[in-house]
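K.L.:
here is the input, now give the coordinates:
(chains A, B, C and D)
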Number of protein chains: 2
Amino acid sequence: MNEKKRPVGRPTSAEAGTALKAAALSLIREKGYEKVSIADIIRTAGVARQTLYNRWNTKADLVLEAVFDETGRYAAEPISDDDRTCRDQLEAFLIGVFTHLETDGDTLRALIAAAQRDAEFRAAFYTGFVLPRERMVTDLLRRAQEPGELSRARDPEMLSAFIHGAFWYRLLNGGSLDAGYARAIVGEIFGG
Amino acid sequence: MNEKKRPVGRPTSAEAGTALKAAALSLIREKGYEKVSIADIIRTAGVARQTLYNRWNTKADLVLEAVFDETGRYAAEPISDDDRTCRDQLEAFLIGVFTHLETDGDTLRALIAAAQRDAEFRAAFYTGFVLPRERMVTDLLRRAQEPGELSRARDPEMLSAFIHGAFWYRLLNGGSLDAGYARAIVGEIFGG
DNA sequence: ACAATTAATAGACTTGCGTCCATAAACGCA
DNA sequence: TGCGTTTATGGACGCAAGTCTATTAATTGT
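P.N.:
Purely as a prediction, here's the structure:
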């Protein structure tokens, strides 16, 4: 199971990969995703072009992994604070996401756009990034049904799609994602 | 008010514009949005490159106008059939949209992606295409509140965002949009 | 030490987008 | 008919993405 380091050939430079991811995130947050070229990234990282393409197929793949590394590969917060109502937990979760998007909203929009151009990336993005977050909300809503905080007549999966959908829809159409919108979403789900 | 045709210079060829839009839609439906290049479009239309750029800034602008021409500039159906319940009208509306997306879903995904790369296009796309359809649903839900088919405690705007959001979310993540999903959405809104 | 293997590098290359330019064509006006 | 104006055309151009190639560097095994 525990395979050792492979025995042959020059090892890949972990440093190069790290530098590329750091350069990509830094440049993108400074100038915006679309304005950062591959040439910019490799120049900043001090690495050859092919070194990037040895690891990732596109800028989107690189950025996705960089975001993974930062955000934690699976979801941000597990959210299972038994002290608070599920309603409050959902609101806190959404506010946390929206706050995070103040810095990375542009990046997320760009990744969603990239996913529309490449089916392979779309699958990787969905299973690795989107789905875990969707499930967090679905699970939370299911927990809310146990004590009757949320009616059992509701479908947690569809409600989770409503929540993420509303958030994506607003993000992609250039609307602002703030605490007020988070409260409005939660209010509509749990009742005003 | 009623300005006449402008009196000076060579007139723009309506034929060229029509040919470009037709070529774009035809090629895209055949090969998919991403696989169609500008060169393909102008070759098929039998028109010079600059002629395209005299009318539109990008492929997305061209395609958006082509879709406008086909779909009707404002929304597909006005939906105000007093015989049926609002619930049925909403379901029929969604099924109609989803059916239409069997041919143009790829195009819509591409336009949404393009909107993430260009703020100007995003605004045009939103106000010209997205918002009218969002309003149709909002208005329908408001009408549903009058006879009490939908509780007045619900917020039609947020519900419309839920509906379009769920639909976008599924479309953009590669899920299938079929009649079953339309019914599931409507069921969650109006009650199973 | 040396061979085999794999990664890193620099740079050429291809393709597509969008711009620019010079020239020809189509119109109104005199 | 000629002039001014605007569009259409074809081709050159610059830029960025991604591929490919030859060369060099780092590592293991003998």
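K.L.:
which ones are touching the residue nearest to the spatial centre of chain A?
P.N.:
Using C-alpha atoms, centre = their mean, the residue of chain A that lies closest to the mean C-alpha position is A:F129, 5.0 Å off. Neighbouring residues of A:F129 by C-beta atoms under 8 Å, 6 or more residues apart in numbering or on different chains: A:L64, A:V67, A:F68, A:L111. Every residue, glycine included, has its C-beta placed from N, CA and C.
K.L.:
among these, name the buried ones.
P.N.:
Members of the contacts of A:F129 that pass the buried threshold by neighbour count (16 or more other C-beta atoms under 10 Å in any protein chain shown) are listed as A:L64, A:V67, A:L111.
K.L.:
could you check the pLDDT of the residue nearest to the centre of chain A?
P.N.:
In this model, A:F129 is scored at 95, pLDDT.
K.L.:
same question, A:Y74
P.N.:
pLDDT, A:Y74: 54.
K.L.:
same thing with A:R55?
P.N.:
Among the per-residue scores, A:R55 holds a pLDDT of 98.
K.L.:
pLDDT wise, what is the residue lying closest to it once chain neighbours are set aside at?
P.N.:
Among residues not flanking A:R55 along the chain, A:G17 sits closest, at 5.8 Å (C-beta to C-beta, 6 or more residues apart in numbering or on different chains). As predicted, A:G17 sits at a pLDDT of 98.
K.L.:
next up, identify which helix or strand A:G17 is on.
P.N.:
Secondary structure assignment for A:G17, by DSSP states H and E: helix A:14-31.
K.L.:
check A:T99 too.
P.N.:
Using DSSP H and E, A:T99 sits in helix A:86-117.
K.L.:
how far away from the center of its chain is that helix?
P.N.:
7 Å (C-alpha atoms, centre = their mean, to the nearest Å).
K.L.:
next: stretch A:41-48.
P.N.:
Distance of stretch A:41-48 from the chain centroid (C-alpha atoms, centre = their mean) equals 25 Å.
K.L.:
briefly note if that stretch comes near DNA strand D.
P.N.:
No: using C-beta under 7 Å from any atom of the strand, stretch A:41-48 never reaches DNA strand D; the gap is at least 8.1 Å.
K.L.:
in that stretch, what counts as buried?
P.N.:
Neighbour-count burial for stretch A:41-48 [16+ other C-beta under 10 Å]: A:I41, A:I42, A:T44, A:A45, A:V47.
K.L.:
among those residues, which lie within strands?
P.N.:
In strands, judged by DSSP state E, none of these are found.
K.L.:
and of those residues, the nearest to chain B?
P.N.:
When those are ranked by distance to chain B (C-beta to the nearest C-beta), A:I41 comes first, at 17.6 Å.
K.L.:
what residues are up against the closest one?
P.N.:
Counting by C-beta under 8 Å, 6+ apart, A:I41 touches A:L20, A:A23, A:A24, A:L27, A:L52, A:K59, A:L62.
K.L.:
how's chain A carved up into domains?
P.N.:
If you go by automatic domain parsing, the domain ranges for chain A are A:14-57, A:74-190.
K.L.:
what about the shortest one, distance to the chain center?
P.N.:
Between the mean C-alpha point of domain A:14-57 and the mean C-alpha point of its chain there is a distance of 19 Å (C-alpha atoms, centre = their mean).
K.L.:
does DNA strand C sit close to that domain?
P.N.:
Yes: applying C-beta under 7 Å from any atom of the strand, one finds that domain A:14-57 is in contact with DNA strand C at A:A16, A:G46, A:V47, A:A48, A:R49, A:Q50, A:T51, A:N54.
K.L.:
as a markdown table, those with distance to chain B would be great.
P.N.:
Output for the residues of domain A:14-57 next to DNA strand C, formatted as a markdown table (distance: C-beta to the nearest C-beta, whole Å):
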| residue | distance to chain B |
| --- | --- |
| A:A16 | 28 |
| A:G46 | 28 |
| A:V47 | 26 |
| A:A48 | 27 |
| A:R49 | 23 |
| A:Q50 | 24 |
| A:T51 | 26 |
| A:N54 | 24 |
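K.L.:
max pairwise distance over the residues you listed: which two?
P.N.:
A:G46 and A:N54 (15.5 Å; C-beta to C-beta).
K.L.:
and the residue nearest to A:C86 when sequence neighbours are not counted, what element?
P.N.:
In space, A:C86 comes closest to A:A144 once its chain neighbours are excluded; the distance is 3.6 Å by C-beta to C-beta, 6+ apart. Using DSSP H and E, the element containing A:A144 is helix A:131-145.
K.L.:
state the distance from the one residue in chain A that gets nearest to DNA strand C to DNA strand D.
P.N.:
Using C-beta to the nearest atom of the strand, the single residue of chain A nearest to DNA strand C is A:G9, 1.9 Å away. Taking C-beta to the nearest atom of the strand, to the nearest Å as the measure, A:G9 falls 5 Å from DNA strand D.
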